[in-house]
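In: no FASTA, just this:
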């Protein structure tokens with residue numbers, strides 16, 4: 001089982017930036033796909049970004065493409081989500097997730113593909 005711990009959330013004004021971090025432990029870091037999801041008030045959880053085991057491939061939701069960047073650092077066992085040009089509609093709890101299956105797509109983009117989840121970190125964008 002992979003343990004995940006997010007950090008870096010907070011309150012930011014429209015147009016501002018935040019970087020979320022997620023430290024992973026419990027499995028060899030290079031063996032797990034990683035992703036970020038979010039849940040806004042009154043809404044369902046949605047995929048935000050995903051990254052392959054090597055970090056060479058990424059995927060993004062259309063709503064964040066060009067503004068958010070997912071990356072991973074194997075030396076720190078950490079995945080990041082750099083969020084720029086933030087909008088009020090980005091306000092949500094952001095969750096880090098891991099997919100440790102031996103087989104699967106290069107980048108996992110659905111919640112069903114992920115088996116471990118962090119506690120979440122709140123991001124609030126004020127207008």
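Out: Arrived safely. Keep in mind that what you see is a predicted model, and the values were worked out from it rather than measured.

In: any idea of the mean pLDDT for stretch 75-84?
Out: Across stretch 75-84, the average pLDDT comes to 98.

In: Start and end of it, how far apart?
Out: Length of stretch 75-84, first residue to last, CA to CA, to the nearest Å: 24 Å.

In: Identify each buried residue in it, please.
Out: For stretch 75-84, the neighbour count (16 or more other CB atoms under 10 Å) marks 77-81, 83 as buried. Yep, even glycine has a C-beta here, placed from its N, CA and C like the rest.

In: What of stretch 82-100?
Out: Neighbour-count burial for stretch 82-100, with 16+ other CB under 10 Å as criterion, is recorded at 83, 86, 90-100.

In: For the residue nearest the centre of the chain, which residues count as its bridge partners?
Out: Centroid-nearest residue in the chain, with CA atoms, centre = their mean: residue 36, separated by 2.0 Å. Residues in a beta bridge with residue 36, per DSSP bridges, are residue 49, residue 96.

In: My read is that it contacts residue 45, right?
Out: No. Taking contacts as CB atoms under 8 Å, residue 36 lies outside contact range of residue 45: 10.9 Å.

In: Identify the contacts common to these two.
Out: Taking CB atoms under 8 Å, 6 or more residues apart in numbering as the criterion, residue 36 and residue 45 both touch residue 95.

In: ok, now which ones touch residue 115?
Out: Residues near residue 115 by CB under 8 Å, 6+ apart: 2, 98-101.

In: what do you get for residue 26?
Out: Listed by CB under 8 Å, 6+ apart, the contact partners of residue 26 are 1-3.

In: same thing with residue 63?
Out: Residues in contact with residue 63 (CB under 8 Å, 6+ apart) are residue 89.

In: One more pass at 6 Å, please.
Out: By CB atoms under 6 Å, 6 or more residues apart in numbering, the contact set of residue 63 is empty.
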